[in-house]
Each structure stands twice: as structure tokens, then as C-alpha cells.
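Undergrad: Any chance you can model this:
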Amino acid sequence: MKSEATKTIKLALPIIIGELAQMALHLIDTAMVGAISYKQLAAAALVVNTMNIPFVIGIGMTISVSQMVSLSHGRRDGQQVSHYLFNGFCLCALTAVLISLTLVFGKNILYHLGQDPEVVKLALPFMQLMGLSIIPMLLFMTLKQFTDGLEFTKTAMILSLAGMPINILLNWLLIYGNWGFPRLELVGAGYATLITRTIIFLALGATILRHKTFRKYIAVRGKQWHLQRKTLGELLHIGVPSSLQIGMEAGAFAVSGIIIGTIGAVAQAAHQIALSSASFTFMVSMGLAQAGSIRVSNAFGTSNWPKIALIGKSTMITALIYGIFCAIAFALFRFELPKAFNNNREVLQLAALLLLFAAVFQISDSTQAISAGLLRGIKDVKAPTILIAIAYWVIGLPTGYILAFHYGMGAPGIWLGLIIGLTLASVFLIHRFLKMAKRNS
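TA: Below you'll find the predicted structure:
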């Protein structure tokens with residue numbers, strides 16, 4: 001079991017670094033904007049929470065590419081790998097454009113969410129730019145899923161890391177107006193994100209088309225690069241439930257952020273600080289989940305159920321250990337972490353309290369993400385989607401709302417509801433994977 005855990009971690013490490021680099025871009029934006037004022041920070045939080053659901057739905061669709069590519073790779077079918085790359089890219093490109101147009105033309109929804117009017121005014125132009133940046137980001141993610149599915153995980157990692165200094169420089173120029181550039185503040189962060197995401201997408205696309213590692217998959221494009229209804233159906237079979245799974249979890253956090261925003265800008269800013277910190281640690285869980293999913297999918301291609309069970313159990317234990325480590329870190333540094341984002345005393349005090357709640361759900365957050373990934377690897381997506389819906393939307397979020405407003409707990413009540421939802425999701429999904437692995441072994 002230790003050997004399987006080591007193999008999964010080795011595959012996951014570049015994915016994790018790439019995910020953390022992408023999350024770091026968001027944290028850097030948050031910190032650099034928060035240095036201007038907490039209202040700018042609240043505006044950024046409002047946009048992120050509003051667009052998070054459609055964005056992660058798009059990411060869920062890209063996951064279908066890595067699943068089908070890794071399955072074909074496990075069968076040593078390079079022709080089919082190329083076929084899934086083309087069909088997956090076209091499907092995800094269409095998804096990206098639809099999501100982007102919805103966000104750009106639907107930005108006025110911000111007026112109807114009960115938020116601080118000044119915060120909404122600051123958020124509108126930022127919403128438009130972030131909506132446009134969805135297109136290059138999802139196209140980058142699609143190509144990343146292709147390279148990850150082939151277990152070439154370092155390619156996207158390097159580009160994600162390269163994007164960090166580019167984004168920081170553009171932020172410094174456009175947010176603060178250095179070197180003669182206009183001081184655009186939050187809008188500057190939007191432009192920086194759009195430019196950075198476009199650069200790394202184009203760079204990854206050029207690498208796949210030109211590098212010798214991927215040459216054999218590009219060489220057969222004449223035969224394999226055509227749209228096929230059956231292939232699109234297979235991708236949708238994985239992509240739609242995956243989108244719903246990720247969307248329901250992210251949606252629960254996004255809706256909780258919008259609800260907290262009705263309490264006030266201070267609560268919204270504190271929530272964003274705690275959520276950004278928790279999201280950063282969650283990227284490691286996502287990397288482990290994707291690596292476990294790829295390895296399980298590879299074994300599933302040859303129906304090797306004993307290996308599937310071993311990979312799954314070892315990855316779950318790794319997730320448990322990681323979750324405990326994060327919980328301890330959040331509890332110990334809850335007063336120090338918020339200072340990186342803002343200096344408002346009220347915001348810092350509330351953020352420190354919310355980080356204690358974030359510490360509690362680190363274990364269940366990690367284990368549920370990995371269990372969902374393992375189930376995707378064996379193409380079990382429908383039942384887990386229903387279980388996740390019940391955990392978050394039938395139990396977790398309504399409980400949080402009742403605690404927040406009917407029992408006067410405010411933002412901590414919402415976070416307690418999230419803890420309940422995450423814990424139930426973790427228990428449901430772990431039980432299902434172990435049951436299926438035992439049944440088929």
C-alpha cells in the first residue's frame with residue numbers, strides 16, 4: 001500500500017504544484033487588491049463567488065478529457081487518445097464560450113444579490129473581464145487534462161509557475177499604476193488575469209503541437225481529428241456529472257459567500273480571506289484526487305480491480321494524513337494568515353474565527369474530494385452526484401442558513417453548515433467506493 005501511495009504522490013506532485021500556482025494567482029490578486037481597501041476586496045469576492053459555479057462546471061467538463069485519455073492510454077491506444085483530444089477540446093471550447101457569454105452579458109445580476117451598492121459598482125467591470133478570461137483558462141485546463149491523462153504532468157506545471165511572475169508584474173503595473181501605466185485598481189487585476197491566462201494557454205497549445213513527446217498523437221490528426229457523436233456522448237457522460245459534482249460543492253461555497261455578503265462588507269471580506277486560505281490547501285487534495293483518478297482509470301481500462309482497490313485505499317489514507325496536517329496548521333496560524341490580505345481590525349477578527357471552522361473541515365474536505373475522484377476513475381458518476389447534492393444542498397446549506405439567521409450565528413453559522421455538508425459527502429463517497437471495490441474484487 002505504501003508503494004501505491006508513493007506512486008500516486010509522485011504523479012500528483014506536478015499537478016499539485018500547478019494547481020497551487022493557479023490558486024496563488026488568485027491569492028496574489030486578492031492580497032494586492034485588498035491592500036487598496038476592504039471594499040475592493042469585497043467586490044473581488046462578490047465576483048469570484050458569483051462566477052465560481054459556472055467556472056467550475058466548465059472545469060468539470062474538462063475532467064472528461066483526462067478520464068477518457070487515461071483510459072485509452074491504459075489500453076495503449078494512441079489513435080483513440082488523439083481522437084479524444086480533438087473531440088474534448090471542441091466540446092470544452094464550446095462550453096467555455098457559452099459560460100463566458102453568460103457571465104459577460106449577465107453581469108447585472110450583481111445588482112439583485114442584496115450586496116453593498118458601492119461594492120457592486122466596483123465589481124461590475126471586474127466581472128466582465130473575469131468572464132472573458134474564462135475562455136483561455138478553460139482551454140488551458142482542457143489541454144492540461146490531456147497531458148495529465150498521459151501522465152506528463154510537469155508540462156502544465158511549468159507553465160502555471162511561469163504565469164505567476166507575469167501576473168504579479170501585470171498586477172503591479174495595472175492595479176497601482178506603476179511605470180506610467182494607468183492606476184486601474186480592481187479592473188487592473190482583471191486585465192492582468194485575462195492576459196496571463198491567454199499567454200499560458202497559447203504556450204501549452206504550442207508545446208503540444210510542436211514537442212516530440214506528443215508528436216505521435218498529433219501525427220494521426222488527419223484520421224482522428226473529426227467530431228463523432230458517440231465520442232461526444234462518452235465525454236458528456238463523464239463531463240456532465242463531474243461538472244455537477246464540482247459545481248455543487250463550489251456552488252455551496254459561492255452561495256454561502258453571497259448570503260454572507262447580505263450581512264455586510266466586513267463579513268464578506270472575512271469570508272473571502274478564510275475561503276481563499278481553505279481553497280489553497282484544497283488544491284493539494286484536488287491534485288491527489290486527479291492523480292488517484294488517472295491511476296484508477298488506467299487500471300480500470302484493463303479491469304484490474306485488486307489494483308483499483310489498493311490505489312484507492314492508499315490515496316484515501318494519504319488524504320486523511322494531509323487533512324489532519326492542514327487542520328493543525330489553520331488552528332495554529334489563524335491570527336497570522338488574515339494579515340496577508342487586509343488590515344481592518346473587524347475583518348481580521350472575524351477571519352480568524354472563520355479559519356477555526358475551516359480547520360475543522362480540512363479532513364472531510366480532503367477525503368471527499370479524493371473519493372469523488374476515485375469514483376470518476378471507475379466511471380461511477382451518477383450516484384455520487386446525487387449523494388453530493390443531498391449532502392450540500394439538502395442538508396448542509398439549509399442548516400447553515402438556519403443557524404446564521406434564525407439562531408443569530410451570522411457567518412460562523414454558514415460555515416458550520418458547510419462543515420456538516422462536507423462531512424456527510426465524505427462519508428457517503430468513501431462508503432460507495434469501498435463497497436464497489438469489494439463487490440468487483
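
Undergrad: isn't Gly400 right next to Leu416, touching?
TA: Yes - counting by Cβ atoms under 8 Å, Leu416 is a contact partner of Gly400 at 6.3 Å. (C-beta placed from N, C-alpha, C; glycine too.)

Undergrad: These two: who's more crowded?
TA: Gly400 (27 against 20; other Cβ atoms under 10 Å).

Undergrad: who's in contact with the residue nearest to Leu244 when sequence neighbours are not counted?
TA: Using Cβ to Cβ, 6 or more residues apart in numbering and skipping residues adjacent in sequence, the residue nearest Leu244 is Thr385, 5.0 Å away. By Cβ atoms under 8 Å, 6 or more residues apart in numbering, Thr385 lies in contact with 241, 244-245, 248.

Undergrad: can you check Cys326 too?
TA: Counted by Cβ under 8 Å, 6+ apart, Cys326 has contacts 281, 359, 362, 366.

Undergrad: Would you mind measuring from it to Ala189?
TA: 27 Å (Cβ to Cβ, to the nearest Å).

Undergrad: what do you get for Pro338?
TA: Per Cβ to Cβ, Pro338 is found 20 Å from Ala189.

Undergrad: what's the answer for Leu227, then?
TA: 37 Å.

Undergrad: For those two, indicate the residue with more neighbours.
TA: Legend: neighbour count by other Cβ under 10 Å for Leu227 and Ala189, higher for Ala189 (27 against 11).

Undergrad: correct me, but that one touches Ala31?
TA: No - using Cβ under 8 Å, Ala189 makes no contact with Ala31, being 10.5 Å away.

Undergrad: Quick check: Pro125 vs Leu25, distance?
TA: 19 Å.

Undergrad: of these two, who's got more company?
TA: More crowded of Pro125 and Leu25, by other Cβ under 10 Å: Leu25, with 22 against 17.

Undergrad: who's in contact with that one?
TA: Counting by Cβ under 8 Å, 6+ apart, Leu25 makes contact with 163-164, 167, 193, 196.

Undergrad: let's see it at 6 Å
TA: By Cβ atoms under 6 Å, 6 or more residues apart in numbering, the residues touching Leu25 are Asn167.

Undergrad: Beyond the lowest-mean-pLDDT helix or strand in the chain, next helix or strand please.
TA: Across the helices and strands of the chain, mean confidence by mean pLDDT, DSSP states H and E is lowest for helix 2-34: a mean of 83. Later in the chain than helix 2-34, the nearest helix or strand by DSSP states H and E is helix 38-74.

Undergrad: Quick check: mean pLDDT of the helix or strand following that following helix?
TA: Beyond helix 38-74 on the C-terminal side, the first helix or strand identified by DSSP H and E is helix 78-105. What helix 78-105 shows for mean pLDDT is 95.

Undergrad: With stretch 344-361 instead?
TA: Stretch 344-361 carries an average pLDDT of 87.

Undergrad: Can you tell me what sits against that stretch?
TA: Stretch 344-361 has contacts (Cβ under 6 Å, 6+ apart) with 38, 266, 269-270, 273-274, 278, 327, 330-331, 334-335, 338, 415, 419, 422.

Undergrad: quick one: buried residues of it?
TA: For stretch 344-361, burial by neighbour count (16 or more other Cβ atoms under 10 Å) applies to 344, 347-348, 350-355, 357-361.

Undergrad: Same check on stretch 70-78?
TA: Buried residues in stretch 70-78, defined by neighbour count with 16+ other Cβ under 10 Å: 70-74, 78.

Undergrad: Span of it from start to end?
TA: Counting by Cα to Cα, to the nearest Å, you get 10 Å between the two ends of stretch 70-78.

Undergrad: what does that stretch rub up against?
TA: In contact with stretch 70-78 (Cβ under 6 Å, 6+ apart) are residues 80-81, 149-150, 216, 294, 297-298, 301.

Undergrad: can you do 10 Å?
TA: 66, 79-85, 145-146, 148-151, 216-217, 219-220, 224, 234, 238, 290, 293-302, 304, 377, 379 (Cβ atoms under 10 Å, 6 or more residues apart in numbering).

Undergrad: Give me the distance from that stretch to the chain's centre.
TA: Computed by Cα atoms, centre = their mean, to the nearest Å, the chain-centroid distance of stretch 70-78 equals 26 Å.

Undergrad: what does stretch 300-310 give?
TA: Centroid separation between stretch 300-310 and its chain, computed with Cα atoms, centre = their mean, is 27 Å.

Undergrad: Could you give me the buried positions within it?
TA: Judged by neighbour count using 16+ other Cβ under 10 Å, the buried positions of stretch 300-310 are 300-301, 304-305, 307-310.

Undergrad: Pull up the overlap in contacts between Gly400 and Leu416.
TA: Taking Cβ under 10 Å, 6+ apart as the contact rule, Gly400 and Leu416 both touch Met409.

Undergrad: ok, now how distant is the residue positioned nearest the centre of the chain from Asn344?
TA: Closest residue to the average C-alpha location of the chain: Val56 at 6.1 Å, with Cα atoms, centre = their mean. Distance of Val56 to Asn344, given as Cβ to Cβ: 29 Å.

Undergrad: Kindly report the same for Met409.
TA: Distance from Met409 to Asn344, by Cβ to Cβ: 21 Å.

Undergrad: hmm, back to that, secondary structure element holding the residue nearest to Leu244?
TA: Counting by DSSP H and E, Thr385 is found in helix 382-389.

Undergrad: I'd like the next helix or strand past that helix.
TA: Using DSSP H and E, the first helix or strand after helix 382-389 is helix 397-401.

Undergrad: Run the chain-centre distance for that next one.
TA: The answer for helix 397-401 is 23 Å, by Cα atoms, centre = their mean.

Undergrad: for it, packing partners?
TA: If you count contacts as 3 or more Cβ pairs under 10 Å, 6 or more residues apart in numbering; DSSP states H and E, helix 397-401 packs onto helix 229-261, helix 411-440.

Undergrad: which of the residues in it are buried?
TA: Neighbour counts over helix 397-401 (16+ other Cβ under 10 Å) mark 397, 399-401 as buried.
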